[in-house]
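Participant: Provided below for reference: sequence and predicted model.
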Amino acid sequence: MKQFEANFDGLVGPTHNYAGLSIGNVASLSNAKDTSSPKSAAKQGLQKMKALHDMGLKQGVLAPQERPDLNALRRLGFSGSDASILEQAAKKAPQVLRAVYSASSMWTANAATVSPSADARDNKVHFTPANLTNKFHRSLEPETSGRILKAMFSDEQHFAHHQHLPDNDHFGDEGAANHTRFCGEYGQEGVELFVYGRHAFDSSKPAPAKFPARHTFEACEAVSRLHQLDDKNVVYMQQNPDVIDQGVFHNDVISVGNQNVLFYHEQAFLNTEQGFNEIQQKFAAVSDKDFHFIKVANNQVTVEDAVKSYLFNTQLVDIGNGQMAIIAPMECKENTAVHNYLNELLTLNTPVQQVHYFDVKQSMRNGGGPACLRLRVALNEQELAATNPNVLMSDQLFTTLNTWVDKHYRDVLSEDDLRDPNLVVESRTALDELTQILKLGSVYPFQL
Ligand code: SUG
(Lines give C-alpha, C1' and ligand atoms only; values in the text may rest on other atoms or scores of the structure.)
Protein backbone atom coordinates (compact mmCIF):
# COMPACT_ATOMS: atom_id res chain seq x y z
CA MET A 1 0.00 0.00 0.00
CA LYS A 2 1.26 3.50 -0.84
CA GLN A 3 1.68 6.00 1.97
CA PHE A 4 2.11 9.73 2.02
CA GLU A 5 2.63 12.74 4.15
CA ALA A 6 0.25 15.43 2.93
CA ASN A 7 0.80 19.05 3.89
CA PHE A 8 -2.32 21.16 4.33
CA ASP A 9 -1.35 24.81 4.12
CA GLY A 10 -3.47 27.58 5.55
CA LEU A 11 -4.84 29.82 2.86
CA VAL A 12 -4.26 33.37 4.13
CA GLY A 13 -7.57 35.08 4.86
CA PRO A 14 -8.72 38.44 3.42
CA THR A 15 -8.13 40.35 6.70
CA HIS A 16 -4.42 39.49 7.16
CA ASN A 17 -2.91 42.34 9.18
CA TYR A 18 -0.15 43.19 11.64
CA ALA A 19 -1.66 43.84 15.05
CA GLY A 20 1.15 43.00 17.48
CA LEU A 21 -0.99 40.43 19.28
CA SER A 22 1.55 37.81 20.32
CA ILE A 23 3.72 38.58 23.32
CA GLY A 24 6.73 36.24 23.17
CA ASN A 25 6.69 36.27 19.35
CA VAL A 26 9.38 38.76 18.32
CA ALA A 27 8.22 39.37 14.73
CA SER A 28 4.58 39.94 15.73
CA LEU A 29 5.56 42.65 18.19
CA SER A 30 8.17 44.35 16.04
CA ASN A 31 5.91 44.69 13.00
CA ALA A 32 2.82 45.75 14.94
CA LYS A 33 0.61 48.22 13.07
CA ASP A 34 2.58 48.06 9.79
CA THR A 35 0.42 47.97 6.69
CA SER A 36 -0.15 44.49 5.33
CA SER A 37 -1.00 43.10 1.92
CA PRO A 38 -3.61 40.33 2.18
CA LYS A 39 -3.39 39.76 -1.57
CA SER A 40 0.37 39.18 -1.66
CA ALA A 41 0.20 37.12 1.54
CA ALA A 42 -2.34 34.74 0.02
CA LYS A 43 -0.39 34.54 -3.24
CA GLN A 44 2.92 33.86 -1.50
CA GLY A 45 1.24 30.97 0.33
CA LEU A 46 -0.29 29.61 -2.86
CA GLN A 47 3.11 29.71 -4.62
CA LYS A 48 4.64 27.58 -1.89
CA MET A 49 1.76 25.09 -2.07
CA LYS A 50 2.05 24.86 -5.86
CA ALA A 51 5.83 24.38 -5.71
CA LEU A 52 5.49 21.47 -3.28
CA HIS A 53 2.76 19.98 -5.44
CA ASP A 54 5.08 20.32 -8.45
CA MET A 55 7.81 18.49 -6.50
CA GLY A 56 5.45 15.50 -6.44
CA LEU A 57 4.36 15.92 -2.82
CA LYS A 58 0.75 15.66 -1.65
CA GLN A 59 -0.40 19.18 -0.93
CA GLY A 60 -3.73 20.45 0.30
CA VAL A 61 -5.40 23.71 1.30
CA LEU A 62 -6.96 24.53 4.65
CA ALA A 63 -9.57 27.28 4.41
CA PRO A 64 -9.20 30.47 6.47
CA GLN A 65 -11.68 31.52 9.17
CA GLU A 66 -14.41 34.12 9.20
CA ARG A 67 -12.96 37.42 10.40
CA PRO A 68 -13.80 39.73 11.97
CA ASP A 69 -15.36 37.43 14.54
CA LEU A 70 -18.40 39.60 15.23
CA ASN A 71 -19.91 36.94 17.50
CA ALA A 72 -16.92 37.38 19.80
CA LEU A 73 -17.59 41.13 19.90
CA ARG A 74 -21.29 40.47 20.68
CA ARG A 75 -20.26 38.12 23.50
CA LEU A 76 -18.15 40.96 24.84
CA GLY A 77 -21.15 43.28 25.04
CA PHE A 78 -21.12 45.17 21.73
CA SER A 79 -24.52 45.28 20.07
CA GLY A 80 -26.43 46.66 17.10
CA SER A 81 -25.69 46.37 13.40
CA ASP A 82 -22.37 45.00 12.17
CA ALA A 83 -21.26 48.55 11.24
CA SER A 84 -22.17 49.94 14.63
CA ILE A 85 -20.40 47.09 16.46
CA LEU A 86 -17.22 47.83 14.50
CA GLU A 87 -17.49 51.54 15.19
CA GLN A 88 -18.03 51.06 18.93
CA ALA A 89 -15.23 48.49 19.21
CA ALA A 90 -12.83 50.76 17.27
CA LYS A 91 -13.53 53.54 19.78
CA LYS A 92 -13.78 51.62 23.05
CA ALA A 93 -11.62 48.55 22.56
CA PRO A 94 -9.28 48.93 19.57
CA GLN A 95 -7.01 46.07 20.74
CA VAL A 96 -9.98 43.73 20.90
CA LEU A 97 -11.10 44.80 17.43
CA ARG A 98 -7.64 44.02 16.05
CA ALA A 99 -7.72 40.62 17.72
CA VAL A 100 -11.08 39.58 16.25
CA TYR A 101 -9.78 40.57 12.81
CA SER A 102 -6.63 38.42 12.95
CA ALA A 103 -6.07 36.04 10.05
CA SER A 104 -3.98 33.87 12.39
CA SER A 105 -5.72 30.66 11.29
CA MET A 106 -3.27 30.71 8.34
CA TRP A 107 -0.73 29.06 10.69
CA THR A 108 -2.26 25.62 10.43
CA ALA A 109 0.57 23.96 12.36
CA ASN A 110 -1.54 25.31 15.23
CA ALA A 111 -4.87 24.12 13.86
CA ALA A 112 -4.68 20.66 15.39
CA THR A 113 -2.55 17.71 16.42
CA VAL A 114 -2.86 14.78 14.04
CA SER A 115 -1.89 11.16 14.70
CA PRO A 116 -1.78 8.75 11.78
CA SER A 117 -3.75 5.51 11.84
CA ALA A 118 -0.61 3.37 12.12
CA ASP A 119 -0.02 4.75 15.64
CA ALA A 120 -3.59 4.57 16.97
CA ARG A 121 -5.12 1.51 18.62
CA ASP A 122 -8.31 1.85 16.53
CA ASN A 123 -6.34 2.33 13.27
CA LYS A 124 -7.97 5.67 12.52
CA VAL A 125 -6.36 9.05 11.79
CA HIS A 126 -7.04 11.22 14.87
CA PHE A 127 -7.52 14.99 14.89
CA THR A 128 -7.71 17.27 17.94
CA PRO A 129 -8.04 20.99 17.18
CA ALA A 130 -5.71 23.06 19.36
CA ASN A 131 -7.48 25.25 21.93
CA LEU A 132 -4.83 28.02 21.63
CA THR A 133 -5.92 29.40 25.01
CA ASN A 134 -2.82 31.51 25.56
CA LYS A 135 -3.72 34.24 23.07
CA PHE A 136 -7.23 35.67 22.87
CA HIS A 137 -7.16 36.09 19.07
CA ARG A 138 -6.10 32.48 18.59
CA SER A 139 -8.56 31.08 21.13
CA LEU A 140 -11.29 32.04 18.63
CA GLU A 141 -10.09 29.37 16.17
CA PRO A 142 -10.75 25.81 17.47
CA GLU A 143 -14.51 25.46 16.81
CA THR A 144 -14.22 26.46 13.17
CA SER A 145 -10.94 24.53 12.73
CA GLY A 146 -12.81 21.45 13.90
CA ARG A 147 -15.66 22.03 11.42
CA ILE A 148 -13.26 22.60 8.50
CA LEU A 149 -11.22 19.48 9.34
CA LYS A 150 -14.41 17.42 9.50
CA ALA A 151 -15.42 18.76 6.10
CA MET A 152 -12.04 17.66 4.70
CA PHE A 153 -11.82 14.30 6.47
CA SER A 154 -15.43 13.27 6.85
CA ASP A 155 -15.30 9.49 6.47
CA GLU A 156 -15.87 8.05 9.96
CA GLN A 157 -14.45 4.73 8.92
CA HIS A 158 -11.00 6.33 8.60
CA PHE A 159 -11.02 9.59 10.58
CA ALA A 160 -11.72 10.33 14.28
CA HIS A 161 -12.32 13.94 15.34
CA HIS A 162 -12.10 15.08 18.96
CA GLN A 163 -13.29 18.25 20.61
CA HIS A 164 -10.49 20.66 21.52
CA LEU A 165 -9.19 20.34 25.11
CA PRO A 166 -10.89 22.38 27.87
CA ASP A 167 -10.39 26.11 27.27
CA ASN A 168 -8.03 26.81 30.12
CA ASP A 169 -4.33 27.57 30.37
CA HIS A 170 -3.80 24.34 32.36
CA PHE A 171 -4.52 22.47 29.14
CA GLY A 172 -2.98 25.05 26.81
CA ASP A 173 -2.52 23.24 23.51
CA GLU A 174 -0.82 24.72 20.42
CA GLY A 175 -1.23 21.65 18.24
CA ALA A 176 1.25 20.26 15.74
CA ALA A 177 3.71 23.15 16.19
CA ASN A 178 4.86 21.20 19.26
CA HIS A 179 4.51 17.71 17.81
CA THR A 180 6.80 15.75 15.50
CA ARG A 181 6.51 12.20 14.30
CA PHE A 182 9.35 9.85 13.47
CA CYS A 183 8.85 6.72 11.40
CA GLY A 184 10.50 4.48 8.81
CA GLU A 185 7.70 4.96 6.27
CA TYR A 186 4.69 7.26 6.77
CA GLY A 187 2.23 4.36 6.86
CA GLN A 188 4.18 2.38 9.44
CA GLU A 189 3.99 2.65 13.19
CA GLY A 190 6.01 5.63 14.42
CA VAL A 191 7.18 7.56 17.47
CA GLU A 192 5.34 10.78 18.29
CA LEU A 193 7.34 13.47 20.07
CA PHE A 194 5.16 15.84 22.13
CA VAL A 195 6.97 18.99 23.30
CA TYR A 196 5.64 21.22 26.08
CA GLY A 197 6.70 24.47 27.70
CA ARG A 198 5.66 23.87 31.31
CA HIS A 199 3.87 21.59 33.76
CA ALA A 200 0.52 23.11 34.73
CA PHE A 201 -0.11 21.17 37.93
CA ASP A 202 3.45 21.18 39.31
CA SER A 203 4.94 24.61 39.92
CA SER A 204 8.21 23.13 41.20
CA LYS A 205 9.16 22.25 37.60
CA PRO A 206 11.15 24.70 35.41
CA ALA A 207 9.24 27.32 33.42
CA PRO A 208 10.16 30.47 31.48
CA ALA A 209 10.41 33.72 33.45
CA LYS A 210 9.63 36.36 30.83
CA PHE A 211 7.42 34.98 28.06
CA PRO A 212 4.53 32.54 28.33
CA ALA A 213 4.91 28.80 27.87
CA ARG A 214 1.79 28.28 25.81
CA HIS A 215 1.64 24.49 25.80
CA THR A 216 1.47 22.23 28.86
CA PHE A 217 2.62 18.71 29.62
CA GLU A 218 -0.91 17.88 30.73
CA ALA A 219 -2.26 18.89 27.30
CA CYS A 220 0.27 16.59 25.60
CA GLU A 221 -0.80 13.66 27.76
CA ALA A 222 -4.49 14.34 27.10
CA VAL A 223 -4.03 14.44 23.31
CA SER A 224 -1.99 11.26 23.37
CA ARG A 225 -4.79 9.55 25.37
CA LEU A 226 -7.49 10.83 22.98
CA HIS A 227 -5.48 9.60 19.99
CA GLN A 228 -5.22 6.09 21.48
CA LEU A 229 -1.42 6.08 21.41
CA ASP A 230 0.61 3.55 23.37
CA ASP A 231 3.50 4.62 25.59
CA LYS A 232 5.91 2.77 23.34
CA ASN A 233 5.00 5.20 20.52
CA VAL A 234 5.24 8.41 22.55
CA VAL A 235 8.04 10.60 23.92
CA TYR A 236 7.47 13.81 25.90
CA MET A 237 10.18 16.47 26.10
CA GLN A 238 10.21 19.90 27.66
CA GLN A 239 11.32 22.97 25.74
CA ASN A 240 14.25 24.80 27.27
CA PRO A 241 12.58 27.69 29.19
CA ASP A 242 15.54 29.96 28.34
CA VAL A 243 14.81 29.77 24.62
CA ILE A 244 11.11 30.50 25.18
CA ASP A 245 12.33 33.68 26.88
CA GLN A 246 14.37 34.45 23.74
CA GLY A 247 11.32 34.31 21.49
CA VAL A 248 10.93 30.59 20.77
CA PHE A 249 7.19 30.54 21.43
CA HIS A 250 6.65 27.18 19.70
CA ASN A 251 9.05 24.25 19.43
CA ASP A 252 8.85 24.43 15.63
CA VAL A 253 10.85 27.67 15.88
CA ILE A 254 13.84 25.67 17.20
CA SER A 255 13.52 22.12 15.82
CA VAL A 256 11.88 20.14 13.04
CA GLY A 257 11.67 16.41 12.46
CA ASN A 258 10.66 14.04 9.71
CA GLN A 259 10.89 10.26 9.38
CA ASN A 260 14.37 9.37 10.74
CA VAL A 261 15.68 12.92 11.17
CA LEU A 262 15.51 15.46 13.99
CA PHE A 263 17.07 18.79 13.01
CA TYR A 264 17.47 20.93 16.13
CA HIS A 265 19.35 23.69 17.89
CA GLU A 266 21.48 22.46 20.79
CA GLN A 267 19.56 24.69 23.21
CA ALA A 268 16.09 23.58 22.12
CA PHE A 269 15.24 21.10 24.88
CA LEU A 270 15.65 20.34 28.58
CA ASN A 271 17.21 16.96 29.47
CA THR A 272 18.21 16.49 25.86
CA GLU A 273 20.29 13.36 26.30
CA GLN A 274 17.61 11.47 28.21
CA GLY A 275 14.90 12.45 25.69
CA PHE A 276 17.05 11.55 22.68
CA ASN A 277 17.93 8.15 24.17
CA GLU A 278 14.23 7.46 24.52
CA ILE A 279 13.56 8.53 20.91
CA GLN A 280 16.43 6.37 19.68
CA GLN A 281 15.22 3.31 21.62
CA LYS A 282 11.56 3.65 20.66
CA PHE A 283 12.46 4.38 17.03
CA ALA A 284 14.67 1.27 16.87
CA ALA A 285 11.64 -0.80 17.91
CA VAL A 286 9.58 0.42 14.91
CA SER A 287 12.17 0.86 12.15
CA ASP A 288 15.57 -0.51 11.20
CA LYS A 289 16.61 2.78 9.56
CA ASP A 290 19.45 4.79 11.12
CA PHE A 291 18.24 7.79 13.08
CA HIS A 292 19.91 11.16 12.41
CA PHE A 293 20.03 13.79 15.14
CA ILE A 294 21.28 16.86 13.24
CA LYS A 295 22.51 19.26 15.87
CA VAL A 296 23.13 22.94 15.20
CA ALA A 297 25.50 24.38 17.79
CA ASN A 298 25.22 27.91 19.11
CA ASN A 299 28.60 28.79 17.59
CA GLN A 300 27.20 27.84 14.17
CA VAL A 301 23.84 29.63 14.49
CA THR A 302 22.79 31.57 17.59
CA VAL A 303 19.27 31.30 19.01
CA GLU A 304 18.81 34.94 17.98
CA ASP A 305 19.67 34.15 14.34
CA ALA A 306 17.45 31.06 14.46
CA VAL A 307 14.53 33.20 15.64
CA LYS A 308 15.21 35.93 13.06
CA SER A 309 15.72 33.62 10.09
CA TYR A 310 13.37 30.75 11.10
CA LEU A 311 16.05 28.18 10.21
CA PHE A 312 14.06 25.53 12.10
CA ASN A 313 10.63 26.69 10.98
CA THR A 314 11.44 24.92 7.78
CA GLN A 315 9.75 21.90 6.29
CA LEU A 316 11.73 18.70 5.96
CA VAL A 317 10.11 16.86 3.08
CA ASP A 318 10.70 13.43 1.61
CA ILE A 319 11.97 13.60 -1.98
CA GLY A 320 12.42 9.85 -2.45
CA ASN A 321 15.36 7.44 -2.18
CA GLY A 322 15.75 8.26 1.50
CA GLN A 323 16.53 11.90 0.67
CA MET A 324 14.92 15.04 2.05
CA ALA A 325 14.66 18.68 1.06
CA ILE A 326 14.44 21.67 3.37
CA ILE A 327 11.74 24.19 2.49
CA ALA A 328 13.08 27.43 3.95
CA PRO A 329 11.97 31.05 4.07
CA MET A 330 14.02 33.56 2.05
CA GLU A 331 15.19 35.04 5.38
CA CYS A 332 17.48 31.97 5.75
CA LYS A 333 19.27 32.96 2.54
CA GLU A 334 19.55 36.58 3.64
CA ASN A 335 21.18 35.72 6.99
CA THR A 336 24.87 34.98 6.35
CA ALA A 337 25.45 32.60 9.28
CA VAL A 338 22.31 30.62 8.47
CA HIS A 339 22.97 30.53 4.73
CA ASN A 340 26.53 29.30 5.32
CA TYR A 341 25.25 26.67 7.71
CA LEU A 342 22.67 25.40 5.20
CA ASN A 343 25.29 25.20 2.44
CA GLU A 344 27.50 23.19 4.77
CA LEU A 345 24.62 20.92 5.83
CA LEU A 346 24.20 19.80 2.22
CA THR A 347 27.77 18.47 2.22
CA LEU A 348 27.25 16.32 5.33
CA ASN A 349 26.30 12.68 5.34
CA THR A 350 22.60 13.09 6.25
CA PRO A 351 19.34 12.56 4.33
CA VAL A 352 19.07 16.36 3.79
CA GLN A 353 20.23 16.93 0.22
CA GLN A 354 18.42 20.03 -1.06
CA VAL A 355 17.29 23.45 0.17
CA HIS A 356 14.53 25.44 -1.53
CA TYR A 357 13.90 29.05 -0.51
CA PHE A 358 10.46 30.67 -0.60
CA ASP A 359 9.20 34.20 -0.17
CA VAL A 360 6.60 34.05 2.60
CA LYS A 361 7.51 37.48 4.00
CA GLN A 362 3.93 38.59 4.65
CA SER A 363 3.50 35.66 7.05
CA MET A 364 7.05 35.84 8.42
CA ARG A 365 6.43 39.39 9.61
CA ASN A 366 3.87 37.96 12.03
CA GLY A 367 6.21 35.15 13.10
CA GLY A 368 4.88 32.48 10.75
CA GLY A 369 7.38 30.60 8.56
CA PRO A 370 6.92 27.73 6.08
CA ALA A 371 6.39 25.14 8.84
CA CYS A 372 3.80 27.28 10.67
CA LEU A 373 1.80 27.48 7.47
CA ARG A 374 1.29 23.74 7.15
CA LEU A 375 -0.48 20.90 8.95
CA ARG A 376 0.99 17.49 8.25
CA VAL A 377 -1.32 14.52 7.82
CA ALA A 378 0.23 11.11 7.13
CA LEU A 379 -2.22 9.07 5.08
CA ASN A 380 -2.28 5.70 3.41
CA GLU A 381 -3.78 5.24 -0.04
CA GLN A 382 -7.29 4.49 1.20
CA GLU A 383 -7.27 7.43 3.59
CA LEU A 384 -6.08 9.76 0.85
CA ALA A 385 -8.88 8.46 -1.37
CA ALA A 386 -11.35 9.18 1.46
CA THR A 387 -10.13 12.80 1.79
CA ASN A 388 -12.23 15.57 0.22
CA PRO A 389 -10.51 15.75 -3.21
CA ASN A 390 -11.48 19.41 -3.71
CA VAL A 391 -8.97 20.60 -1.10
CA LEU A 392 -6.01 18.90 -2.82
CA MET A 393 -3.71 21.16 -4.83
CA SER A 394 -3.71 20.80 -8.61
CA ASP A 395 -2.84 23.08 -11.53
CA GLN A 396 -6.55 23.81 -11.83
CA LEU A 397 -7.08 24.60 -8.12
CA PHE A 398 -4.00 26.84 -8.13
CA THR A 399 -5.45 28.91 -10.99
CA THR A 400 -8.92 29.00 -9.45
CA LEU A 401 -7.62 30.16 -6.07
CA ASN A 402 -5.37 32.84 -7.56
CA THR A 403 -8.33 34.19 -9.53
CA TRP A 404 -10.44 34.06 -6.38
CA VAL A 405 -7.79 36.03 -4.45
CA ASP A 406 -7.54 38.62 -7.26
CA LYS A 407 -11.29 39.07 -7.18
CA HIS A 408 -11.81 39.43 -3.43
CA TYR A 409 -8.61 40.51 -1.65
CA ARG A 410 -7.33 44.01 -0.97
CA ASP A 411 -3.80 44.99 -1.96
CA VAL A 412 -3.23 46.82 1.30
CA LEU A 413 -4.80 46.88 4.72
CA SER A 414 -4.08 49.34 7.53
CA GLU A 415 -5.43 49.54 11.05
CA ASP A 416 -7.93 52.20 10.02
CA ASP A 417 -9.49 49.85 7.44
CA LEU A 418 -10.63 47.53 10.22
CA ARG A 419 -13.60 49.76 11.03
CA ASP A 420 -14.84 49.56 7.44
CA PRO A 421 -18.07 47.48 7.32
CA ASN A 422 -17.39 46.73 3.65
CA LEU A 423 -14.47 44.57 4.74
CA VAL A 424 -16.93 42.32 6.62
CA VAL A 425 -19.08 41.94 3.51
CA GLU A 426 -16.07 41.40 1.22
CA SER A 427 -14.66 38.79 3.53
CA ARG A 428 -17.92 36.85 3.86
CA THR A 429 -18.53 36.96 0.10
CA ALA A 430 -15.04 35.58 -0.51
CA LEU A 431 -15.40 32.80 2.07
CA ASP A 432 -18.84 31.82 0.85
CA GLU A 433 -17.42 31.37 -2.64
CA LEU A 434 -14.43 29.48 -1.24
CA THR A 435 -16.61 26.91 0.54
CA GLN A 436 -18.16 26.22 -2.85
CA ILE A 437 -14.77 25.91 -4.59
CA LEU A 438 -13.47 23.53 -1.90
CA LYS A 439 -16.88 21.87 -1.41
CA LEU A 440 -16.75 22.24 2.35
CA GLY A 441 -20.47 22.79 2.96
CA SER A 442 -21.38 25.28 5.72
CA VAL A 443 -18.48 25.77 8.10
CA TYR A 444 -18.55 29.49 8.98
CA PRO A 445 -20.71 31.09 11.66
CA PHE A 446 -22.35 33.34 9.03
CA GLN A 447 -23.38 30.19 7.11
CA LEU A 448 -24.78 28.25 10.07
O1 SUG B 1 0.53 32.39 17.33
N2 SUG B 1 1.34 35.03 15.17
C3 SUG B 1 1.22 33.61 15.40
C4 SUG B 1 2.32 32.88 14.69
C5 SUG B 1 2.13 31.39 14.75
C6 SUG B 1 3.31 30.65 14.23
N7 SUG B 1 3.06 29.27 14.29
C8 SUG B 1 4.00 28.32 14.54
N9 SUG B 1 5.17 28.61 15.03
N10 SUG B 1 3.67 27.10 14.31
C11 SUG B 1 1.24 33.31 16.90
O12 SUG B 1 1.98 33.98 17.63
C13 SUG B 1 0.57 37.33 15.24
C14 SUG B 1 -0.68 38.10 14.89
C15 SUG B 1 -0.48 39.58 14.96
O16 SUG B 1 0.32 40.06 15.76
O17 SUG B 1 -1.18 40.29 14.18
C18 SUG B 1 0.33 35.86 15.46
O19 SUG B 1 -0.74 35.48 15.89
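Facilitator: Structure's in. What do you need? Quantities reported herein were computed from a predicted structural model and do not represent experimental measurements. Numbering: from 1, shown residues only.
Participant: got the residues of the stretch 1-150 of the chain near the ligand?
Facilitator: 18-22, 25, 28, 102, 104, 107, 109-110, 135, 138 (Cβ under 6 Å from any ligand atom). For the C-beta atoms, the positions are set from N, CA and C on the backbone; glycine is no exception.
Participant: give me the element residue 71 is part of.
Facilitator: In this structure, residue 71 is located in helix 70-75 according to DSSP states H and E.
Participant: Show me what that helix is packed up against.
Facilitator: On a contact count with 3 or more Cβ pairs under 8 Å, 6 or more residues apart in numbering; DSSP states H and E, helix 70-75 meets helix 82-92, helix 94-100.
Participant: Looking at that helix now, give me its mean pLDDT.
Facilitator: In this model, helix 70-75 has a mean pLDDT of 98.
Participant: cool, and stretch 247-261?
Facilitator: In the prediction, stretch 247-261 has an average pLDDT of 98.
Participant: That one vs the ligand: in contact?
Facilitator: Yes. Judged by Cβ under 6 Å from any ligand atom, stretch 247-261 comes into contact with the ligand at 249-250, 252-253.
Participant: Mind checking which of the residues you listed land in helices?
Facilitator: With helices taken from DSSP state H, there is no overlap with the residues of stretch 247-261 next to the ligand.
Participant: By proximity to the ligand, which residue of the stretch 151-300 of the chain wins?
Facilitator: For the stretch 151-300 of the chain and the ligand, the shortest gap (Cβ to the nearest ligand atom) falls at residue 177, measuring 3.3 Å.
Participant: That residue against residue 251, yeah?
Facilitator: Yes. The criterion here is Cβ atoms under 8 Å, and residue 177 meets it with residue 251 at 6.7 Å.
Participant: Let's verify residue 188: helix, strand, or coil?
Facilitator: coil (DSSP: H, G, I helix; E, B strand; the rest coil).
Participant: neighbours around the closest residue to it other than its chain neighbours, how many?
Facilitator: Residue nearest to residue 188 in three dimensions, not counting chain neighbours: residue 118, with 5.6 Å by Cβ to Cβ, 6 or more residues apart in numbering. Residues near residue 118, counting by other Cβ atoms under 10 Å, number 20.
Participant: I'd like the numbering to begin with 15 instead of 1 from here.
Facilitator: Let's use 15 as the start, then, which means that last one is residue 132.
Participant: what about residue 132, is that helix, strand or coil?
Facilitator: Residue 132 is classified as helix under three-state DSSP.
Participant: Name the nearest residue to residue 431, ignoring sequence neighbours.
Facilitator: Nearest to residue 431 is residue 437, by Cβ to Cβ, 6+ apart, at 6.2 Å.
Participant: for the strand or helix carrying that neighbour, the distance to its chain's centre please.
Facilitator: Secondary structure from DSSP H and E places residue 437 in helix 435-451. Relative to the chain's own centre, helix 435-451 is displaced by 23 Å; criterion: Cα atoms, centre = their mean, to the nearest Å.
Participant: so that helix versus helix 96-106, what angle?
Facilitator: 120 degrees (axes from the mean of the first three to the mean of the last three Cα atoms, to 10 degrees).
Participant: Report the buried residues of helix 435-451.
Facilitator: Applying a neighbour-count criterion of 16 or more other Cβ atoms under 10 Å, one finds 437-438, 440-442, 444-445, 448-449, 451 buried in helix 435-451.
Participant: mind checking how far residue 340 is from residue 323?
Facilitator: 12 Å (Cβ to Cβ, to the nearest Å).
Participant: Among these two, which residue is more densely surrounded?
Facilitator: Of the pair residue 340 and residue 323, residue 323 is the one with more neighbours under other Cβ under 10 Å, namely 27 against 24.
Participant: Quick check: the more buried one touching residue 355?
Facilitator: No. Judged on Cβ under 8 Å, residue 323 makes no contact with residue 355 at a distance of 9.6 Å.
Participant: Overlap in contacts, these two.
Facilitator: Common contacts of residue 323 and residue 355, defined by Cβ atoms under 8 Å, 6 or more residues apart in numbering, comprise residue 315.
Participant: Secondary structure class of residue 140, three-state.
Facilitator: Under three-state DSSP, residue 140 comes out as strand.
Participant: Quick one: residues contacting it.
Facilitator: The contact partners of residue 140, by Cβ under 8 Å, 6+ apart, come to 128-129, 134, 173-176, 240-242.
Participant: Also residue 246?
Facilitator: 296, 299.
Participant: Check residue 447 too.
Facilitator: 418, 422.
Participant: ok, 7 Å please
Facilitator: For residue 447, the contact set (Cβ atoms under 7 Å, 6 or more residues apart in numbering) comprises residue 418.
Participant: and if you look at residue 341?
Facilitator: Counting by Cβ under 7 Å, 6+ apart, residue 341 has contacts 66, 328-329, 331, 370, 372, 384.
Participant: Which ones among these map onto helices?
Facilitator: residue 66.
Participant: The contacts of residue 341 into TSV, with extra columns for distance to residue 279 and pLDDT?
Facilitator: TSV is the format used below for the contacts of residue 341 (distance: Cβ to Cβ, whole Å; pLDDT from 0 to 100):
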residue	distance to residue 279	pLDDT
66	24	98
328	12	98
329	17	98
331	20	98
370	21	98
372	21	98
384	17	98
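Participant: Pick out whichever of residue 191 and residue 265 has more residues nearby.
Facilitator: A count of neighbours by other Cβ under 10 Å puts residue 265 above the other of residue 191 and residue 265, at 30 against 25.
Participant: is it true that the more buried one touches residue 252?
Facilitator: No. The criterion here is Cβ atoms under 7 Å, and residue 265 misses it with residue 252 at 9.8 Å.
Participant: Going along the chain, name the helices of the stretch 165-314 of the chain.
Facilitator: 231-240, 255-258, 286-300 (DSSP state H, counting those that start in this stretch).
Participant: Point me to the residue of the stretch 315-462 of the chain nearest the ligand.
Facilitator: residue 386 (3.3 Å).
Participant: what's that residue sitting at in phi/psi?
Facilitator: In terms of degrees, to the nearest 10, the main-chain angles of residue 386 are phi -70, psi -30.
Participant: for residue 157, same thing?
Facilitator: Dihedral angles for residue 157 - degrees, to the nearest 10 - are phi -60, psi -50.
Participant: cool, and residue 168?
Facilitator: According to degrees, to the nearest 10, residue 168 has phi -90, psi -10.
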